[in-house]
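Q: The amino acid sequence is not available; the structure is as follows:
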């Protein structure tokens, strides 16, 4: 079941700001990309600064196997991600990938699946939507953000299913949080995939448990190694501490024990 | 090809590059990236008598040229290691060394005794220097008396190579090293992490759940180098140097300061192939300077 991991240099072929805080990096590989499962991530090496010592884990946003392109969505949250957003065309980026366990795809493709993303958490869901679409799943996408500017990749998601939004300020879609969206009351889903801020994943998890819907979430704890060696990125689960990098980042909601629970 | 072989106690190393405990898992985590049998030794995770959950998240804070960790010896206990992990790693063609930790002397002794029975574990590294556990750990490594008590007790039940890993969080490292030698250590490894702290000024909170943690990475190298140099002068047993070694040049500095072997720790997180690059880099250095063997540069610092 273990998926072989690689260390390789990929070339930056495009770096586009998609809002003030978020960049889309398109990387190209000289050799054929290995099979990557939606939800898996890469550890990116950032050189040339003493402030950024460790790699940065970034989830795979999209893979184009025909062009050997790997896409990453990077939000500027600190010095490391700031450096990544400053990369220029033809720069090389050293990656460890693909890391971690991705989302488990439904066994029954007639199922209605709901993808819920918040902020930059939509990143792995785009690749997931693309893979689910190949299986002819019925896909609904629900994206939440503070305001319209935080709703990312809306047009890209529209290729794969119906897209709904919520914003906290009401500037797009329904006002409020994703768990308050009318689609949750009006439609019935068989499976939920969620990635976003922790409070969102907690609320979505609660909803899924109440409705008895199978729900997978993707966590993003701070990491050092990314390969299960350092035990720094643990999350509390029903089986004790598990590494987000190697046991996750995708977990079934029933296995997670949130801190302070 | 220069002769990279070195002996630590009764331990034969094919080269002087080992991996530091807690930074290399059980070795197999890295086998997609390198041939781990090329290593001189793999020191596996800190192992305790009973299973430990470790400290709550957050356990890590990045710092300039380094990082703080407060993992707190998360492991499933020595019996789990013997039953579940040992069979999967015992035939790797290198020295597998177990890092033994504890919260009281009896725990260290019981753990060492069990590991002593494993035929393919030729050495243990006695960890009397973990800064991230409430009881034991570093407390044993910060006074000569308590270090001697635990080392002598383990020496009685452990008959293979006994390496003792020292804490840098002491006033006089040479004195502790001499105490370890007197108590029967075959070798000394140093340094474990330096006790440190990180604060988020925006939230006015400590970053680590434990408030303090152990500092490692490039930032600690000058301190590690100084302590290895002091200890190598103070004892007659081989010294294993570690602390902030990021490349072959760093490793060479430790040999010159008196280390007979080195461990690579935090650098494994930055580049999982770095250990093999360091082995090759040491060989290149020796050839470039006309040395035929690694032993020629140990303590070769021109003072």
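A: Arrived safely, thanks for sending. What you see is a predicted model, and the numbers here were worked out from it, not measured in a lab.

Q: got the contact list for residue B:166?
A: B:128-129, B:141, B:173, B:176-177, B:180, B:188-192, B:227, B:231 (C-beta atoms under 8 Å, 6 or more residues apart in numbering or on different chains). Glycine gets a C-beta too; all of them are placed from N, C-alpha and C.

Q: which stretches of the stretch 201-303 of chain B form helices?
A: In the stretch 201-303 of chain B, the segments counted as helices under DSSP state H, counting those that start in this stretch are B:221-234, B:248-257, B:267-270, B:274-288.

Q: Which other helices and strands does the shortest one contact?
A: If I follow you right, that is helix B:267-270. For helix B:267-270, the elements it packs on are helix B:274-288, judged by 3 or more C-beta pairs under 8 Å, 6 or more residues apart in numbering or on different chains; DSSP states H and E.

Q: what do you get for the first one?
A: Under the contact criterion of 3+ C-beta pairs under 8 Å, 6+ apart, the helices and strands touching helix B:221-234 comprise helix B:173-182, strand B:187-190, strand B:239-241, helix B:248-257.

Q: To residue B:159, which of the ones you listed lies closest?
A: Smallest distance to residue B:159 across those (C-beta to C-beta): 14.8 Å, for strand B:187-190.

Q: who touches the closest one?
A: Looking at what lies outside strand B:187-190 - C-beta under 8 Å, 6+ apart - the contacts are B:8-9, B:11, B:125, B:129, B:161-168, B:173, B:177, B:180-181, B:224, B:227-228, B:231, B:235, B:237-243, B:260, B:263.

Q: which of these are buried?
A: In the contacts of strand B:187-190, burial by neighbour count holds for B:8-9, B:11, B:125, B:129, B:161-168, B:173, B:177, B:180-181, B:224, B:227-228, B:231, B:235, B:237-243, B:260, B:263, counting by 16 or more other C-beta atoms under 10 Å in any protein chain shown.

Q: re the thing from before, kindly present the contacts of residue B:166 as TSV, with separate columns for pLDDT.
A: TSV is the format used below for those (pLDDT from 0 to 100):
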residue	pLDDT
B:128	93
B:129	86
B:141	88
B:173	97
B:176	97
B:177	97
B:180	97
B:188	98
B:189	98
B:190	98
B:191	98
B:192	97
B:227	98
B:231	98
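
Q: how about TSV for the residues you listed, with distance to residue A:25 added?
A: Below are the contacts of residue B:166 laid out as TSV (distance: C-beta to C-beta, whole Å):
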residue	distance to residue A:25
B:128	46
B:129	41
B:141	45
B:173	46
B:176	49
B:177	49
B:180	50
B:188	46
B:189	41
B:190	41
B:191	38
B:192	38
B:227	42
B:231	46
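
Q: ranking the helices and strands packed on helix B:221-234 by burial, who's on top?
A: strand B:239-241 (a mean of 29; mean count of other C-beta atoms under 10 Å in any protein chain shown).

Q: Can you tell me what sits against that strand?
A: The contact list for strand B:239-241 (C-beta under 8 Å, 6+ apart) reads B:8, B:18, B:163, B:177, B:187-190, B:224-225, B:228, B:231-232, B:254-255, B:257-263.

Q: again with stretch B:191-202
A: Under the contact criterion C-beta under 8 Å, 6+ apart, stretch B:191-202 has outside partners B:61, B:63, B:68-69, B:127, B:129-131, B:138, B:141, B:165-169, B:205-208, B:211-216, B:220, B:223-224, B:227-228, B:242-243.

Q: For it, buried residues please.
A: Here stretch B:191-202 shows B:191-196, B:198 as buried, counting by 16+ other C-beta under 10 Å.

Q: Go through these and name the one nearest residue A:196.
A: residue B:198 (26.3 Å).

Q: From chain A, how far off is that closest one?
A: 12 Å (C-beta to the nearest C-beta, to the nearest Å).

Q: repeat for residue B:148
A: 31 Å.

Q: neighbours around that residue, how many?
A: By other C-beta atoms under 10 Å in any protein chain shown, the residues close to residue B:148 number 19.

Q: which residues sit in contact with residue 206?
A: All of this is about chain A. For residue A:206, the contact set (C-beta under 8 Å, 6+ apart) comprises residue A:179.

Q: My question was about chain B, not that one.
A: Residues counted as contacts of residue B:206 (C-beta under 8 Å, 6+ apart) are B:197-200, B:212.

Q: Who is it paired with across the strands?
A: residue B:199 (DSSP bridges).

Q: Need the phi and psi values for the closest residue to residue A:178 other than its chain neighbours.
A: Distances taken as C-beta to C-beta, 6 or more residues apart in numbering or on different chains place residue A:144 nearest to residue A:178, at 3.9 Å, with adjacent residues excluded. Per-residue torsions, residue A:144: phi -120, psi 150 (degrees, to the nearest 10).

Q: Residue A:144 against residue A:163, yeah?
A: No. Using C-beta atoms under 8 Å, residue A:144 is not in contact with residue A:163, being 11.7 Å away.

Q: For residue A:149, report the pLDDT, please.
A: At residue A:149, the model reports a pLDDT of 89.

Q: What is the burial count for the closest residue to it other than its chain neighbours?
A: Excluding its sequence neighbours, the residue lying closest to residue A:149 (C-beta to C-beta, 6+ apart) is residue A:19, at 5.5 Å. Residues lying near residue A:19 (other C-beta under 10 Å) number 14.

Q: what do you get for the one 3 residues further on?
A: Taking other C-beta under 10 Å as the neighbour definition, residue A:22 ends up with a count of 22.

Q: show me what contacts it?
A: Shown in contact with residue A:22 (C-beta under 8 Å, 6+ apart): A:73-76, A:120, A:152.

Q: what's the closest of these to residue B:249?
A: Using C-beta to C-beta, residue A:74 comes nearest to residue B:249 of the contacts of residue A:22, at 32.2 Å.

Q: That closest one contacts residue A:86, doesn't it?
A: No. The criterion here is C-beta under 8 Å, and residue A:74 misses it with residue A:86 at 10.3 Å.

Q: And the next helix or strand past the lengthiest helix in chain A?
A: The helix that spans the most residues within chain A, counting by DSSP state H, is helix A:198-211. Sequence-wise, the next helix or strand downstream of helix A:198-211 (DSSP states H and E) is strand A:214-218.

Q: how about the residues of chain A near chain B?
A: Contact residues (C-beta under 8 Å from any C-beta of the partner chain) of chain A with chain B: A:4-7, A:45, A:50-55, A:96, A:221-236, A:240-241, A:246, A:259.

Q: what do you get if the cut-off is 6 Å, keeping everything else the same?
A: Counting by C-beta under 6 Å from any C-beta of the partner chain, chain A comes close to chain B at A:4-5, A:7, A:50-51, A:53-54, A:222, A:224-225, A:227-229, A:231-232, A:234, A:240-241.

Q: The residue located most distally from the centre of chain B and residue A:78, how far apart?
A: The centre of chain B is farthest from one residue, residue B:202, which by C-alpha atoms, centre = their mean lies 35.1 Å away. Distance, residue B:202 to residue A:78, by C-beta to C-beta, to the nearest Å: 12 Å.

Q: Contact partners for the residue nearest the centre of chain A?
A: Central residue of chain A (C-alpha atoms, centre = their mean): residue A:124, 3.0 Å from the mean position. For residue A:124, the contact set (C-beta atoms under 6 Å, 6 or more residues apart in numbering or on different chains) comprises A:38-39, A:59, A:195, A:218.

Q: Closest one of the residues you listed to chain B?
A: Checking the contacts of residue A:124 against chain B with C-beta to the nearest C-beta, the nearest one is residue A:218 at 16.1 Å.

Q: Look up the closest residue to the closest one, ignoring the ones flanking it.
A: In this structure, residue A:218 finds its nearest non-sequential neighbour in residue A:195, 4.1 Å apart by C-beta to C-beta, 6+ apart.

Q: Around the one you found, count how many other residues there are.
A: Residues near residue A:195, counting by other C-beta under 10 Å: 29.
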